[in-house]
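Q: Just need the structure, nothing else, for what follows:
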Amino acid sequence: QQSLVAFCQQEGIALTGFSPLGASSYIQLGMDKGEGVGVLNHPTIKALAEKYNHSPAQICLRWATQRGYAVIPKSTHETRLRDNINIFDFTLSDEDMRSIAALDRKLRYNDPGDFCKGMGLPNGYPIYA
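A: From the prediction side, this is the model:
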């Protein structure tokens, strides 16, 4: 959603990544449009996690916050909650930031435009640019 990001940044609107790590349930529901990997299991993310000695989730959260987004990851596990906040002791290189950005598949796992279709709106509820 780079055009939406650019617009918000231009207008001084704060961006928030809701469910920024996706969830395996989205893949199980087919909302990944057949990709079947999920960001936390993507080879690029896994390689960066090893390089920086942080978890794949921490790499993804750091990428988003380094781009200036607020993120709201969800977990019910205390260790993951702690890991999710411990993302400010490293900085991703410009090259690594670009390699993560290049993973964009134009997918939205939590897309009201898709799940509102069953609520009587013939075209769903498109909320994105």
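Q: All the strands of this protein, residue numbers only.
A: For the chain, the strands defined by DSSP state E occupy 16-18, 70-72.
Q: closest one to residue 42 among these?
A: Nearest to residue 42, of all those, is strand 16-18, at 16.5 Å by CB to CB. Heads up, the C-betas are built off the backbone N, CA and C, glycines and all.
Q: Tell me where the model's unsure across this structure.
A: 22-37, 107-129 (pLDDT under 70).
Q: For residue 8, which of the strands of the chain is the nearest?
A: strand 16-18 (10.0 Å).
Q: Can you list the buried residues in the closest one?
A: Judged by neighbour count using 16 or more other CB atoms under 10 Å, the buried positions of strand 16-18 are residue 17.
Q: who does it pair up with?
A: The pairing partners recorded for strand 16-18 under DSSP bridges are strand 70-72 (parallel).
Q: any chance you could map the helices in the protein?
A: Taking DSSP state H, the helices of the chain run over residues 2-11, 24-28, 43-52, 56-66, 78-85, 94-101, 112-115.
Q: Out of the ones you listed, which is the most enclosed?
A: Neighbour counts (mean count of other CB atoms under 10 Å) averaged over each of those peak at helix 56-66, with a mean of 22.
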